[in-house]
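> Here is my input, please return the structure:
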Amino acid sequence: MMIKNVLDEVHPYMKGATLVIRTHVLPEPFGWVQRNDYGHDGERKYNNNNGEFGCNPETRPERVDFVLANPPISGKTGLETSEFTVSKVIIGPKPLRFNSNSDDGGDDEYEYLDEPDDDPYNGPIIVTGRVQLPGQEEDGLSDCIAKIFDGAYYPSNSENDFMDSPSPAGPPPDCATRADMDYAAESKAYNLITEATKEQPELCKATPQFFGSWTIDLPCSKAESGYRPVRMILLEKLGHVQPMSRFIREAKQEAGPPLPAEPERLNTFKRLIEADNELWWWCDIHHRRIRPHDVLVRQDGTVAIINFQQAILESYVVNCSVILDKILNRRSPILRHWPLDIGKAGESWKAVDTDADASGGSWAEWVPAAWLDNPNLAALWLLQTFSGDERYDPLPQHWLDSGEHNKASKEVLDALVSCGRDYEKAQQEEERPSKRRKLVQSSRETLGMV
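All right, here's what the predicted structure looks like:
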């Protein structure tokens, strides 16, 4: 295995670099991360087969050529420029998986010595820096986080095999398209949050403040204009926060600090569920894949959710049944995160994902260890924490009375009864499939099939 530090490669976003940026507005409709027809009026050609390397450019120069041939969707770019000076690289580009200089010219594996978080996705470059934002005084500079979506530093199709395809039949997108798709989802997600915050001020804590979407005029000798466009968003640099993934990672180290105490972790987990629910309700944003590296924890236990590049923005999805269903009721977090199997009740990530694998899912190292062995404890916590909360509609009667719940523990069943579960009706619901099974079995015996 080849060992290479992620900071070895010289790239345009190193500490001290000054980037010339302009405001940018993406056109609508901008597409959706799970659709093969991403783009605006056919402007984006998905997996454009350009040049000898097709949509799998292996070297960095090839990827630069590829993104030049497949530029981001144009949109509306401002005329005035600002300068963003990089002060620190938080997540730089990871090494190319394919190394054309290796002896066998084959597929090398890398171990990342300075892994910044536990996200395997080689996507946006993230830096901190200073910039004069629109409306600021000439001598005023703001410290910001910049998230840079440069397709030249994204994985190619072959390196992207661990990512979800936009459709079951389609391959993973090429590096240029994926960068533009990520930028579109993030930019529009933060725009939705910013607009919703005007009516719901409490949303301002759910994510870092958004300072707009931008394009970088990146110098490039291969481009006819002398530069190539690279998309970027600017976010508030939150003070005194730590990614939840860092708590987990440091606790694994021999001399590292232990995780916060269980009551503190559960309080943070509750805040996370509440923040996710508010984004879903007020902003039509379904994050889909919240994991510890997507959560920043403040000193007071509140959280900020980040990384919306794979989110579903339901207000842009035509004929989305989820939106119509949501209009009718403000669904409780109990339903969205229910850890026990009951039809399609679990509409979001689960506190304990029994379908994931033996590990218990993304939150196995944060939630109480007992939850992994007995998901009933997670269900009981959800009921005790969110039932009766007036911010959400009561649990639907058909869900409470479902015979599927009869598989749960006595404590969970008692809690469901206190929420309005009809015990007798639930028993009838359980007996129905049993009667049907007996009828089928009797018919099979009559026909001599057993």
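
> Strands of the stretch 201-350 of the chain, start to end?
In the stretch 201-350 of the chain, the strands defined using DSSP state E, counting those that start in this stretch lie at 210-219, 227-236, 241-243, 285-286, 295-298, 303-305, 312-313.

> Could you do the stretch 1-150 of the chain as well?
Using DSSP E, counting those that start in this stretch, strands in the stretch 1-150 of the chain cover 2-4, 18-25, 76-77, 82-91, 110-112, 125-131, 142-149.

> And the ones you listed: which comes nearest Ala251?
strand 110-112 (19.8 Å; CB to CB). (Glycine included, C-beta is placed from N, CA and C.)

> State the mean pLDDT of the closest one.
The pLDDT scores in strand 110-112 average 32.

> Pull out the buried positions in stretch 276-296.
276-287, 290-296 (16 or more other CB atoms under 10 Å).

> Give me the three-state assignment for the closest residue in space to Trp282 that isn't next to it in sequence.
Excluding the flanking residues, the one nearest Trp282 by CB to CB, 6 or more residues apart in numbering is Ala196, at 4.5 Å. Following DSSP: H, G, I helix; E, B strand; the rest coil, the label given to Ala196 is helix.

> So what's the residue count around Cys144?
Look at Cys144: counted by other CB atoms under 10 Å, it has 22 neighbours.

> So which residues of the stretch 301-450 of the chain form helices?
321-328, 333-336, 369-373, 375-386, 397-400, 410-418, 423-446 (DSSP state H, counting those that start in this stretch).

> Which parts of the fifth one count as buried, going by neighbours?
Taking 16+ other CB under 10 Å as the neighbour-count basis, helix 397-400 is seen to contain the buried residues Trp399, Leu400.

> And it, what does it pack against?
Where contact means 3 or more CB pairs under 8 Å, 6 or more residues apart in numbering; DSSP states H and E, helix 397-400 is not packed against any helix or strand.

> one step back: would you mind putting the strands of the stretch 1-150 of the chain into TSV with distance to Cys204 alongside?
Converted to TSV, those look like this (distance: least, CB to CB, whole Å):
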stretch	distance to Cys204
strand 2-4	40
strand 18-25	22
strand 76-77	26
strand 82-91	22
strand 110-112	34
strand 125-131	21
strand 142-149	16
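
> picking up where we left off before, show me the contacts for the residue nearest to Trp282.
Leu203, Trp282, Cys283 (CB atoms under 8 Å, 6 or more residues apart in numbering).

> Okay, it and Gly420: tell me how far apart.
31 Å (CB to CB, to the nearest Å).

> low-confidence ranges in the chain?
Low-confidence segments of the chain (pLDDT under 70): 1-9, 29-56, 95-122, 138-139, 157-172, 317-329, 341-348, 353-360, 423-450.

> How is it partitioned into domains?
In terms of domains, the chain is parsed into 2-236, 241-394 (source: automatic domain parsing).

> got a markdown table for the ones you listed, with distance to His405 too?
A markdown table is the format used below for the domains of the chain (distance: least, CB to CB, whole Å):
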| stretch | distance to His405 |
| --- | --- |
| domain 2-236 | 31 |
| domain 241-394 | 7 |
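
> Between the ones you listed, which one is closest to Lys407.
When the domains of the chain are compared for distance to Lys407 using CB to CB, the nearest one is domain 241-394, at 7.3 Å.

> Now do that closest one: distance from first to last residue.
From its first residue to its last, domain 241-394 covers 34 Å (CA to CA, to the nearest Å).

> Just the endpoints, please. Distance across stretch 247-264?
First-to-last distance for stretch 247-264 - CA to CA - comes to 12 Å.

> buried residues in that stretch?
Residues Phe247, Ile248, Arg249, Leu259, Pro260 are the ones in stretch 247-264 that count as buried (16+ other CB under 10 Å).

> Can you flag which of these belong to helices?
Phe247, Ile248, Arg249 (DSSP state H).

> The first one is in contact with Leu259, isn't it?
Yes - Phe247 sits in contact with Leu259 when judged by CB atoms under 8 Å, with a separation of 5.9 Å.

> what's the overlap in contacts for these two?
Joint contacts of Phe247 and Leu259 (CB under 8 Å, 6+ apart) are Trp366.

> picking up where we left off before, any chance of TSV for the buried residues of stretch 247-264, columns distance to Leu382?
Below are the buried residues of stretch 247-264 laid out as TSV (distance: CB to CB, whole Å):
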residue	distance to Leu382
Phe247	22
Ile248	22
Arg249	27
Leu259	21
Pro260	20
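
> Max pairwise distance over these: which two?
Greatest spacing in these, by CB to CB: Arg249 and Pro260 (13.9 Å).

> List the buried residues of the helix or strand where Ala176 lies.
Per DSSP states H and E, Ala176 falls inside helix 175-199. Residues of helix 175-199 classed as buried by neighbour count (16+ other CB under 10 Å): 175-194, 196-197.

> If I take that helix and strand 227-236, what angle do their directions form?
30 degrees (axes from the mean of the first three to the mean of the last three CA atoms, to 10 degrees).

> start the count at 36, not 1, going forward
Let's use 36 as the start, then, which means that last one is helix 210-234.

> Now do helix 210-234 and strand 245-254, the angle between them.
Using the same axes, to 10 degrees, helix 210-234 lies at 150 degrees relative to strand 245-254.

> got CSV for the contacts of Ala231, with distance to Ser397 too?
Compiled in CSV, those are given as follows (distance: CB to CB, whole Å):
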residue, distance to Ser397
Leu238, 24
Trp317, 24
Cys318, 22
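
> of those, closest to Ala187?
Relative to Ala187, and with distances defined as CB to CB, the nearest of those is Cys318, at 31.2 Å.

> Who are the contact partners of the closest one?
Cys318 is in contact with Ala224, Leu227, Ile228, Ala231, Leu238, counting by CB under 8 Å, 6+ apart.

> Quick check: the gap between the closest residue to the last one other than its chain neighbours and Lys240.
Here the nearest residue to Leu238 in space, its sequence neighbours aside, is Thr232; by CB to CB, 6+ apart that works out to 4.6 Å. To Lys240, Thr232 is 10 Å away according to CB to CB.

> Also Gly113?
Taking CB to CB, one finds Gly113 at 29 Å from Lys240.

> Show me the helices in the stretch 36-185 of the chain, by range?
With DSSP H, counting those that start in this stretch as the criterion, the stretch 36-185 of the chain has helices spanning 95-104.

> Could I get the buried residue list for stretch 93-103?
For stretch 93-103, by 16+ other CB under 10 Å, it's Glu93, Glu97, Arg98, Val99, Asp100, Phe101, Val102, Leu103.

> Just the CA coordinates for that stretch, please, in PDB.
Extracted in PDB, the C-alpha atoms of stretch 93-103 (Å, rounded to 0.1, in the frame of the first residue of the first chain):
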ATOM      1  CA  GLU A  93      -6.900   9.600 -14.300                       C
ATOM      2  CA  THR A  94      -4.200  12.200 -13.900                       C
ATOM      3  CA  ARG A  95      -4.700  15.800 -12.600                       C
ATOM      4  CA  PRO A  96      -3.800  17.400 -16.000                       C
ATOM      5  CA  GLU A  97      -6.400  15.200 -17.700                       C
ATOM      6  CA  ARG A  98      -9.000  16.300 -15.200                       C
ATOM      7  CA  VAL A  99      -8.200  19.900 -15.800                       C
ATOM      8  CA  ASP A 100      -8.700  19.300 -19.500                       C
ATOM      9  CA  PHE A 101     -12.000  17.500 -18.700                       C
ATOM     10  CA  VAL A 102     -13.500  20.300 -16.600                       C
ATOM     11  CA  LEU A 103     -12.500  22.800 -19.300                       C
END
